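>>> here's my sequence, what's the structure:
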Amino acid sequence: MSLLPSFFGGRRSNVFDPFSLDAWDPFEGFFTPSALANASGSTVREMAAFTNARVDWKETPEAHVFKADLPGLKKEEVKVEVEDENILQISGERSKENEEKSDKWHRVERASGKFMRRFKLPENAKMEEVKAAMENGVLTVTVPKAPEKKPEVKSIDISG
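Predicted coordinates for the structure are as follows:
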């Protein structure tokens, strides 16, 4: 899945899926409950922005398809990058709303700040053919798959 651990400890990995294992986690231990307890309210909101980019990853016979909910963002505010030939990185920044001195806020739930999600793709991913599209706040990234090589079967005549 992603390189970011959950707020409740541990990594969000699936031990049965070798492609969900984290390659590198620069934030290991950073989002622990004790770290959150010591953080200010704005820092918690900024840290939450890292994990608020929810991404679905499905594999079809033809491609790996990622869908990220990024409401309120324009395509110019989002980056899709390929790193080290098999790491897909989706990142961006949600701007903070301007605060006027006369405004009285009752609730702030929408996260602002930078976000980043990274995914290690399998060897059959054609990283040079990645396509991305943004529609109605949903980013769709399609990574085509190389055709599966079928083993060549050769019949051998039995003598005797």
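
>>> for this protein, just list every one of the strands.
Per DSSP state E, the chain carries strands over the ranges 55-59, 63-69, 78-83, 87-94, 113-120, 131-135, 138-144.

>>> and those as TSV, adding distance to Arg107 and mean neighbour count?
From N, CA and C alone the C-beta is placed, and that goes for glycine too. Formatted as TSV, these follow (distance: least, Cβ to Cβ, whole Å; neighbours: other Cβ atoms under 10 Å):
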stretch	distance to Arg107	mean neighbour count
strand 55-59	26	14
strand 63-69	20	18
strand 78-83	26	15
strand 87-94	17	18
strand 113-120	18	19
strand 131-135	28	13
strand 138-144	25	18
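
>>> pipe the ones you listed into TSV and attach distance to Val153 and mean pLDDT per row.
As requested, the strands of the chain are arranged in TSV below (distance: least, Cβ to Cβ, whole Å; pLDDT from 0 to 100):
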stretch	distance to Val153	mean pLDDT
strand 55-59	26	95
strand 63-69	28	95
strand 78-83	35	94
strand 87-94	35	92
strand 113-120	33	91
strand 131-135	35	96
strand 138-144	27	96
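
>>> between those, which one is closest to Glu100.
With Cβ to Cβ, the closest approach to Glu100 among the strands of the chain belongs to strand 87-94: 19.4 Å.

>>> tell me what the closest one is packed against?
Counting contacts by 3 or more Cβ pairs under 8 Å, 6 or more residues apart in numbering; DSSP states H and E, strand 87-94 packs against strand 63-69, strand 78-83, strand 113-120, strand 138-144.

>>> closest one to Met127 among these?
Comparing these under Cβ to Cβ, the one sitting nearest is strand 78-83, at 4.9 Å.

>>> walk me through which strands the closest one pairs with, and which way each runs.
Using DSSP bridges, the strands paired with strand 78-83 are strand 87-94 (antiparallel).

>>> quick check: angle from the partner strand to strand 63-69?
20 degrees (axes from the mean of the first three to the mean of the last three Cα atoms, to 10 degrees).

>>> now the angle from strand 87-94 to strand 131-135?
Taking the same axes, to 10 degrees, one finds that strand 87-94 is oriented at 30 degrees with respect to strand 131-135.

>>> how about residues contacting strand 87-94?
23, 49, 53, 55, 66, 68, 70, 72-73, 77-83, 110-121, 127, 130, 139, 141, 143 (Cβ atoms under 8 Å, 6 or more residues apart in numbering).
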